[in-house]
Structures are given as structure tokens and as C-alpha cells.
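S.K.: Fold the following, please.
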Amino acid sequence: MELTIFGRFHARPGQAEAVAQAIREVSGPTSAEPGCLAYQAYRSIQDADLFYIHSRWVDEAAFEAHAALPHTVRFLSVVGPLIDHPLSVSRTLPLEGY
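M.R.: Model (predicted):
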């Protein structure tokens, strides 16, 4: 069953551009993964320090494989210290799937 991921990243003061750059760097390799159906990053217009990543995966196994890849591990190690909250990634299914 297709899996949709929502990631939320709120930058620490003065770190928004570093968060944006980290997201840009991981976008290409992630989008190219065979299990990735869609990948899009967003920046809030109400809070310039707030970013979201929305991605769709063929299934949970594809996302698990993504989580273990070097570009993902590197992204998480870079972005972790730049955000002001614990990592927030939600794995979701369409409401119709429940």
C-alpha cells in the first residue's frame, strides 16, 4: 500500500538557510530513488523558519530503504542540530485506506 510522508522542520534562529540548503541537497537523490513516487519540499509563507517535506512511496519497505541510504542519513545528521524540536516525520495512509 502506498505510503505518504510528512516531515516538519522548524529552524533554530539564524539557521533557516542552512535547513533550506540541507533539504535542497537531499531532494535530488531522494527523488531519484526507485520507490519514490513524489517528493516536494515547502517553506511556510507565515514563518520563514518552517519547512515541510511531502513524499510518496510505493510502500513502507521503500521508505525504510530510503531511511537507510547514505544521503538520508547524512541529511538527518546535518538537519538535526539546525532545528528547534525533535525530528517530526509522520507516516500516513489515505483516510480511505482505514
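S.K.: low pLDDT regions in this structure?
M.R.: Residues of the chain meeting the criterion pLDDT under 70: 97-98.
S.K.: can you pull out the helices in it?
M.R.: Taking DSSP state H as the criterion, the chain carries its helices at 16-31, 60-68, 70-79.
S.K.: quick one: which of these is nearest Leu37?
M.R.: Closest to Leu37 of these, according to Cβ to Cβ: helix 60-68, at 8.7 Å. C-beta coordinates here come from the backbone N, C-alpha and C atoms, glycine included.
S.K.: For that closest one, name the packing helices and strands.
M.R.: Where contact means 3 or more Cβ pairs under 8 Å, 6 or more residues apart in numbering; DSSP states H and E, helix 60-68 is packed against strand 3-10.
S.K.: so how far is the strand it packs on off the chain centroid?
M.R.: From the chain centre to the centre of strand 3-10 is a distance of 5 Å (Cα atoms, centre = their mean, to the nearest Å).
S.K.: With just CA atoms, put that strand into CSV.
M.R.: What follows is strand 3-10, C-alpha atoms only, in CSV (Å, rounded to 0.1, in the frame of the first residue of the first chain):
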residue,chain,number,x,y,z
LEU,A,3,2.8,5.4,2.0
THR,A,4,2.8,9.2,2.3
ILE,A,5,5.3,11.0,4.5
PHE,A,6,5.1,14.5,6.0
GLY,A,7,8.2,15.9,7.6
ARG,A,8,8.3,19.1,9.6
PHE,A,9,11.5,21.1,10.2
HIS,A,10,11.5,24.4,12.2
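S.K.: Return the set of buried residues in it.
M.R.: When neighbours are counted by 16 or more other Cβ atoms under 10 Å, the buried residues of strand 3-10 are found to be 3-5, 7, 9-10.
S.K.: now, among those, which is nearest to Ser44?
M.R.: Nearest member of these to Ser44, counting by Cβ to Cβ, is His10, at 9.0 Å.
S.K.: Now render the buried residues of strand 3-10 as TSV, adding distance to Gly35.
M.R.: Converted to TSV, the buried residues of strand 3-10 look like this (distance: Cβ to Cβ, whole Å):
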residue	distance to Gly35
Leu3	9
Thr4	13
Ile5	12
Gly7	16
Phe9	22
His10	27
